[in-house]
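Q: Okay, predicted coordinates and the sequence, questions at the end:
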Amino acid sequence: MSADREAEFARRLAAAARQEQFLTVMSREAALVAFRAAVPHAALPPETVPLAQALGRVLAADVASPIDVPPFDRALVDGFAVRAADTEGANAARPRRLVLNREILACGVAPALPVAAGTATPIATGGMIPRGADAVVMVEQTEFLEDALAIDVSGPVRPGQFLGYAGADMAFGETVLRKGTVVTAREIGMLAACGLAEIAVVRRPRVAVLSTGDELMAPGEQLHPGAIYDSNGAIVAASVAENGGESVALGIVRDDEAALERALRDALAQSDLVVLSGGTSKGAGDVSHRILSRLGEPGILVHGVALKPGKPLCLAVAEGKAVVVLPGFPTSAMFTFHEFVVPLVRALAGLPPREETAVPARLPQRLTSELGRTEFVMASLAQGDDGLVALPLPKGSGSVTAFSQADGFFAVPAARSGLEAGETVSVVRLGAGLRPPDLTVIGSHCIGLDRVVGLLAERGFRARTVWVGSAGGLAALRRGECDLAAMHLLDPETGRYNAPFLEPGMTLAPGWRRLQGVVFRAGDPRFDGRSAEEAVRTALADPDSVMVNRNAGSGTRLLVDGLIGAARPPGFWNQPRSHNAVAAAVAQGRADWGVAIASVAEGYGLGFLPLAQEHYDFAYRTVDRERPALAAFLALLGTAEADAALESLGFEPGADEA
Ligand SMILES: Nc1nc2c(c(=O)[nH]1)N[C@H]1C(S)=C(S)[C@@H](COP(=O)(O)OP(=O)(O)OC[C@H]3O[C@@H](n4cnc5c(N)ncnc54)[C@H](O)[C@@H]3O)O[C@H]1N2
Ligand code: MOO
C-alpha cells in the first residue's frame with residue numbers, strides 16, 4: 001500500500017469508528033414528532049391546469065357547479081311537448097287531438113313558440129322544453145294526422161312525465177367535488193359537464209431522488225465485480241409518483257464528500273424535498289452527516305431511530321425543506337420511506353393519509369427480535385385451518401424482495417425480545433386488493449416449479465410460492481398453511497428422497513429429478529475430463545484448491561460429505577444455502593469447486609461432473625386432493641406440456657423407475 005492509500009485507509013477506519021457517536025437513537029414516535037414539528041406537513045399552493053392534464057391530480061379546493069346541469073328542462077324521449085291537462089281522460093277509443101305548433105325542437109334548438117292549450121310541439125330526446133309545456137308524450141303513444149297537422153294522444157300524460165329538469169344532475173352552486181379528491185376519469189366527466197376547461201389542483205411536490213454508493217450502477221449497465229444495481233432510486237421515485245409527487249431522478253452519486261455536497265445543494269435548489277439513500281451508517285455516513293449540518297438551519301433533527309429495519313435513518317431540514325437520508329439496505333430504505341416520507345409527500349400533495357388496513361393473523365413459529373428496537377417483520381399471509389397465518393419472510397433488510405413481495409408487516413414491540421408461536425399479530429397490508437391465491441406452495445425453490453406454476457396460471461389458477469426451504473415447507477404443510485410443500489430431503493439411512501419425511505395424512509406427488517454434480521470453472525485441468533469422485537480427490541490433494549460447501553441438513557451437503565469424507569479442505573466452512581450461491585462462488589473465483597444442480601451450472605457457464613439425481617417432489621394433505629387448484633396442479637404434473645417444459649430446463653420429470 002502506498003503511503004497515501006494507507007493514510008486514506010486509516011482515515012476511513014477512524015471515520016467509521018466515530019460513526020456510532022453520531023447515532024443518537026430516538027424512538028420512532030419521537031422521531032415522527034420532531035420531523036412533523038420542523039417540516040410543514042401541508043398541501044403546497046395550487047396551480048391551474050387544463051382539464052386534459054388534470055387526471056391523477058388532487059383538487060386544491062371544493063368545486064361548485066357554475067351552471068345548472070342540464071342547463072334547461074329537456075325531453076327524455078322522442079315525442080311531443082304538451083300540457084298534461086290537455087290529455088286528461090284520453091284513451092284508445094277516445095283520443096285527444098292536439099294541433100301541432102310549426103316548429104320542431106331538435107337538440108340544440110331554442111324554442112320560439114309556446115305550447116298553448118290544445119297544441120303540441122314535436123321534440124327530440126334532449127330537446128329544450130318550450131314555454132307552456134309541462135310534459136312529453138312518447139311518439140309511440142300518438143297517431144300523426146298528416147292532413148290536419150295534428151296528433152291524436154291515446155292515453156293521459158302525467159305532469160312532468162319524460163321531462164328532465166334544469167339542475168337535476170348538478171345544481172348551480174352545488175358543491176360537486178371536494179378538495180383533496182384525486183381526479184379520475186369520472187371527475188373529469190363532471191368537470192367537463194360543468195363547463196370547466198381548467199381546474200385548480202395542488203402543485204405536485206417535486207422530490208429529488210439520489211442514491212449514493214461506489215458499488216451502485218444504473219439498471220441497463222453491465223455489472224462489474226462487487227457492483228450491484230441501484231434499486232432504491234427506482235423504487236423511491238416510483239413510490240413518490242404513487243403518492244402524488246413528481247420525482248426528480250438525480251441518479252447515483254459517488255461516496256465523495258465534495259460530489260455529494262454539490263449533488264445535495266443542486267437537489268435542494270430544484271425540489272421541495274430531497275431523498276437520498278445509502279451511506280448513513282458507515283464511514284461515508286459521517287460525510288453525509290457533515291454535509292447535512294452545513295446545508296442550512298436547523299440541520300439534522302434525527303439520526304438513528306430505534307427501529308428495525310431502518311435504524312440509521314437520518315432526517316434533516318434545510319431552507320425549510322426536508323432532506324431525508326434512507327438506509328442503503330433496500331427493505332430498510334423502503335420501510336423508512338413508507339413510515340416517514342410517504343406521509344410528508346402525501347400531505348404536500350394534498351392527499352389524505354394513506355389508508356391502512358390491518359388484519360389479525362396467527363404467528364406459526366417463535367420469532368426472536370432485538371430488545372430495545374421496534375422490529376417490523378415483513379410477512380406473507382396464508383390461509384390456515386383457523387384463519388390467517390403470518391409467515392415471516394426469511395430474507396433480511398438487505399433484500400429487495402422482503403419489502404416488495406410482502407403482503408404486509410407486523411410489529412414486535414421494543415420491550416419484547418420476541419413473539420411466541422401461536423400469538424396473534426396485526427398485519428398492516430402493503431398494496432391493496434390482493435386476491436388470496438388459489439394455491440399456496442411453500443418450501444424449496446426450483447426454476448422448474450416456476451414453469452409449472454406458469455402453466456397452472458394459464459389454466460386459471462393463481463399460485464403463491466414462498467421459499468423457506470424443504471423442512472420449512474413440510475412444517476407449514478403440517479400446520480395447514482399451504483396446499484403443497486415443495487421438497488428435496490434425502491434420508492441418509494434409507495438413501496430415499498422425501499417419502500420417509502411424510503407424516504400420516506400426507507401424500508407425495510412425484511415431481512422431477514434434478515441432476516447434481518461437481519461444478520468447476522470450465523477448463524480447470526484439476527476437474528476437466530475426470531469423474532466427479534476422481535476430480536474431487538485431485539482437488540483435495542491440491543492445497544491451493546478451495547471448495548464451497550452447503551448448509552448442514554441439505555440433501556446436497558450429504559453428497560458433499562460423501563465426496564470428502566473426514567477431510568476439511570479450505571472453504572469447508574463456507575456453507576451457503578442455495579445452488580446459485582455455490583455456482584456464483586465458483587464462477588467468481590472465490591472457490592474452485594462445489595456441488596450444485598446441472599441447470600444452475602449451465603446458467604453460470606460452469607463445467608459439470610454428474611454425481612446423483614436429486615428428487616424434487618410435492619407433499620400435500622390427502623384430504624385436500626380434490627380441491628380444485630390442487631387437483632389442477634396434480635393433473636398438470638406428467639402432462640406432455642409440463643414434461644416438455646421441465647426437460648427443456650434439464651430436469652427429468654416423473655417418479656424414479658426404481
Ligand atoms: N457496524 C455496523 N454496520 C452496520 C450497522 C451498524 O449499526 N453497525 N447498521 C446496519 C443497518 S441496521 C443498516 S440498515 C445498514 C445501512 O447502511 P447504510 O445506510 O450506511 O447503507 P450502505 O452502507 O450504503 O448500504 C448498505 C447496503 O445497501 C446496499 N445499497 C445501498 N444503496 C443501494 C441502492 N440504491 N440500491 C440497492 N442497494 C443499495 C449496499 O450495497 C449495501 O449492501 O448498515 C448496516 N451495517
Ligand atoms: O436498521 Mo437496519 O435497517 O436493521 O437493517
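A: Cool, got the structure. Numbering: from 1, shown residues only. Ligands and ions are numbered 1, 2, ... in the order given.

Q: residues in contact with the residue of the stretch 551-658 of the chain found nearest ligand 2?
A: Residue of the stretch 551-658 of the chain nearest ligand 2, by Cβ to the nearest ligand atom: R577 (19.6 Å). Just so you know, the C-beta spots here come from the backbone N, C-alpha and C atoms, and that holds for glycine as well. By Cβ atoms under 8 Å, 6 or more residues apart in numbering, the residues touching R577 are G469, R550, N551, S554.

Q: Repeat the analysis, applying 7 Å as the threshold.
A: Shown in contact with R577 (Cβ atoms under 7 Å, 6 or more residues apart in numbering): N551.

Q: ok, the nearest residue to T374 once chain neighbours are set aside to E423 distance?
A: Among residues not flanking T374 along the chain, A414 sits closest, at 4.7 Å (Cβ to Cβ, 6 or more residues apart in numbering). Distance, A414 to E423, by Cβ to Cβ, to the nearest Å: 16 Å.

Q: More neighbours: which of those two?
A: Neighbour totals were compared for A414 and E423, and A414 leads with 18 against 14 (other Cβ atoms under 10 Å).

Q: ok, back up a step: mind checking the SS state of the residue of the stretch 551-658 of the chain closest to ligand 2?
A: Classification of R577 by DSSP: H, G, I helix; E, B strand; the rest coil places it in coil.

Q: Please apply the same query to S247.
A: Per three-state DSSP, S247 ends up strand.

Q: Find me the pLDDT at it, would you?
A: The per-residue pLDDT reported for S247 equals 97.

Q: so what's it up against?
A: S247 neighbours (Cβ under 7 Å, 6+ apart): V207, V209, A237, V240, A241.

Q: If you rank those by neighbours, which is first?
A: Ranking those using other Cβ under 10 Å puts V207 first, with 29 neighbours.

Q: Report the beta-bridge partners for it.
A: Beta-bridge pairing for V207 (DSSP bridges): S247, L273.

Q: Could you check the pLDDT of it?
A: 98.

Q: again, but for S293
A: pLDDT, S293: 84.

Q: Dig out what the closest residue to it other than its chain neighbours forms beta bridges with.
A: Using Cβ to Cβ, 6+ apart and skipping the chain neighbours, the partner closest in space to S293 is G299 (4.5 Å). G299 forms beta bridges with V317, as assigned by DSSP bridges.

Q: distance of G299 from ligand 2?
A: G299 sits 22 Å away from ligand 2, going by Cβ to the nearest ligand atom, to the nearest Å.

Q: on that earlier part again, could the contacts of S247 go into CSV alongside secondary structure?
A: As requested, the contacts of S247 are exported to CSV (three-state DSSP):
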residue, secondary structure
V207, strand
V209, strand
A237, helix
V240, helix
A241, helix
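
Q: Spatially, which two of those are the most separated?
A: Greatest spatial distance among the contacts of S247 (Cβ to Cβ): V209 and A241, at 10.5 Å.

Q: How about residues contacting the helix or strand harbouring V428?
A: Using DSSP states H and E, V428 sits in strand 424-429. Outside strand 424-429, the residues that touch it by Cβ under 7 Å, 6+ apart are 356-363, 379, 381, 390, 407-410, 419.

Q: Which parts of the stretch 351-500 of the chain are strands?
A: Per DSSP state E, counting those that start in this stretch, the stretch 351-500 of the chain carries strands over the ranges 358-362, 367-368, 374-384, 387-392, 408-412, 418-419, 424-429, 439-443, 463-467, 484-487, 490-491, 496-497.

Q: Quick one: closest of the ones you listed to ligand 1.
A: So among the strands of the stretch 351-500 of the chain, strand 374-384 is nearest, using Cβ to the nearest ligand atom, at 11.0 Å.

Q: other SSEs contacting the closest one?
A: If you count contacts as 3 or more Cβ pairs under 7 Å, 6 or more residues apart in numbering; DSSP states H and E, strand 374-384 packs onto strand 307-308, strand 387-392, strand 408-412.

Q: If you average pLDDT over each of these, which is lowest?
A: Going by mean pLDDT, the lowest-scoring of these is strand 387-392, which has a mean of 88.

Q: how about it as CSV, C-alpha atoms only?
A: Extracted in CSV, the C-alpha atoms of strand 387-392 (Å, rounded to 0.1, in the frame of the first residue of the first chain):
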residue,chain,number,x,y,z
GLY,A,387,-57.9,-18.1,10.0
LEU,A,388,-55.0,-16.2,8.5
VAL,A,389,-51.4,-17.0,9.3
ALA,A,390,-48.5,-14.5,9.1
LEU,A,391,-45.4,-16.2,7.6
PRO,A,392,-42.3,-14.0,8.4
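
Q: Next, the angle from it to strand 358-362.
A: Counting by axes from the mean of the first three to the mean of the last three Cα atoms, to 10 degrees, strand 387-392 lies at 90 degrees to strand 358-362.

Q: by contact count, what packs against strand 387-392?
A: Strand 387-392 packs on strand 358-362, strand 374-384, going by 3+ Cβ pairs under 7 Å, 6+ apart.

Q: and the angle from it to strand 463-467?
A: Angle of strand 387-392 versus strand 463-467, following the same axes, to 10 degrees, is 40 degrees.

Q: And the contacts of strand 387-392?
A: 359, 361-364, 367, 377, 379-382, 410, 425, 427, 466, 481.

Q: give me that answer again for 10 Å
A: Defining contact as Cβ atoms under 10 Å, 6 or more residues apart in numbering, one finds that strand 387-392 is touched by 359-365, 367, 377-384, 402, 406-410, 412, 419, 423-427, 436, 440, 442, 466, 468, 472, 476, 479-482.

Q: Would you show me how to pick out the buried ones of these in ChimeraX?
A: With 16 or more other Cβ atoms under 10 Å as the criterion, this ChimeraX line picks the buried residues out of the contacts of strand 387-392:
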select :359,361,362,363,364,367,377,378,379,380,381,382,383,384,402,406,407,408,409,410,412,419,425,427,440,442,466,468,472,476,479,480,481,482
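
Q: how long is stretch 59-75 end to end?
A: 34 Å (Cα to Cα, to the nearest Å).

Q: Quick one: low-confidence residue ranges for this protein.
A: Applying pLDDT under 70 to the chain flags residues 1, 13-23, 281-286, 432-435, 655-658.

Q: Relative to R5, how far out is the residue in it positioned nearest to ligand 1?
A: Of all residues in the chain, the one sitting closest to ligand 1 is G328 (2.4 Å; Cβ to the nearest ligand atom). The gap separating G328 from R5 is 24 Å, by Cβ to Cβ.
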